[in-house]
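**Q** have a look at this prediction, sequence included:
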Amino acid sequence: MIIGAMTAALGLYLLNQVGLLTSGTAGVAFLLHYRFGIPFGLLFFVVNLPFYYLSFKRLGLAFSLKTFAAIVMVSFITEIEQRFLLIEYLHPLWAALLGGILIGYGLLGLYRHRASLGGIGILAIYLQDRFRIPAGLVQLAFDLCVMLAAFFVVSPETVLWSLLSAVVLNLLLAVNHRSDRYIVVR
């Protein structure tokens, strides 16, 4: 879980270095960070708070505690990373590609240990179970709202690079995440 959190945090750090954002609650935290100058790590932690209740109710105590721990680690690591890693120049294309890949691999590591980085995925699962709204559509609608809101905070070019990052991240997860890979066969 620590490696997954560190990997995801590095991806978020790269995006932050060039002013990009991504999908989900991390995207919301980036928007607020860029608009108001509040530290990203603090915002990422706070934005995820409303989802813990749903996580506990829908996915159980163990998943919720691990997810809480992962979010705390990512929030902390993203705030201290600049003390250990200084990037003089980073092209937005490279940040978008590497950021998306690193966040995706970090999430895969967390999923492997029955944790996540919280957020809208939990709400999407709830809405699918409760109202039969496909979770993928909920996630897509939320992410589109984040990217549309981004036009009011960052440049259109930044939104396009951010979209690339979100596509890379989601494609990596779509291709590599299968829950049956993580079941121990006895």
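**A** Good, I have the coordinates.
**Q** please name the residues that touch the nearest residue to Asn176 once chain neighbours are set aside.
**A** Ranked by CB to CB, 6 or more residues apart in numbering and with sequence neighbours excluded, the top spatial neighbour of Asn176 is Leu108, at 5.8 Å. C-beta coordinates here come from the backbone N, C-alpha and C atoms, glycine included. By CB atoms under 8 Å, 6 or more residues apart in numbering, the contact set of Leu108 is 4, 172-173, 176-177.
**Q** give me the buried subset of the residues you listed.
**A** 4, 172-173 (16 or more other CB atoms under 10 Å).
**Q** hey, which helix or strand in the protein has the poorest pLDDT?
**A** The weakest-scoring helix or strand in the chain, judged by mean pLDDT, DSSP states H and E, is helix 120-131 (a mean of 81).
**Q** what strand or helix carries the residue nearest to Pro39 when sequence neighbours are not counted?
**A** Distances taken as CB to CB, 6+ apart put Glu79 closest to Pro39, at 5.8 Å, once the chain neighbours are dropped. Taking DSSP states H and E as the definition, Glu79 sits inside helix 61-80.
**Q** show the model's pLDDT score for the residue sitting nearest the centre point of the chain.
**A** Note on the chain: the residue nearest the mean C-alpha position is Ala26, at 4.7 Å, using CA atoms, centre = their mean. On the pLDDT scale, Ala26 is placed at 95.
**Q** in what helix or strand does it lie?
**A** Under the assignment here (DSSP H and E), Ala26 is part of helix 24-36.
**Q** so after that helix, what's the next helix or strand?
**A** Where DSSP H and E defines the elements, the next helix or strand beyond helix 24-36 is helix 40-48.
**Q** pull out the buried positions in the helix holding Ala26.
**A** 24-34.
**Q** just flag the most distant two among the residues you listed.
**A** Gly24 and Tyr34 (15.9 Å; CB to CB).
**Q** from Phe36, how far out is the residue nearest to Pro39?
**A** 16 Å (CB to CB, to the nearest Å).
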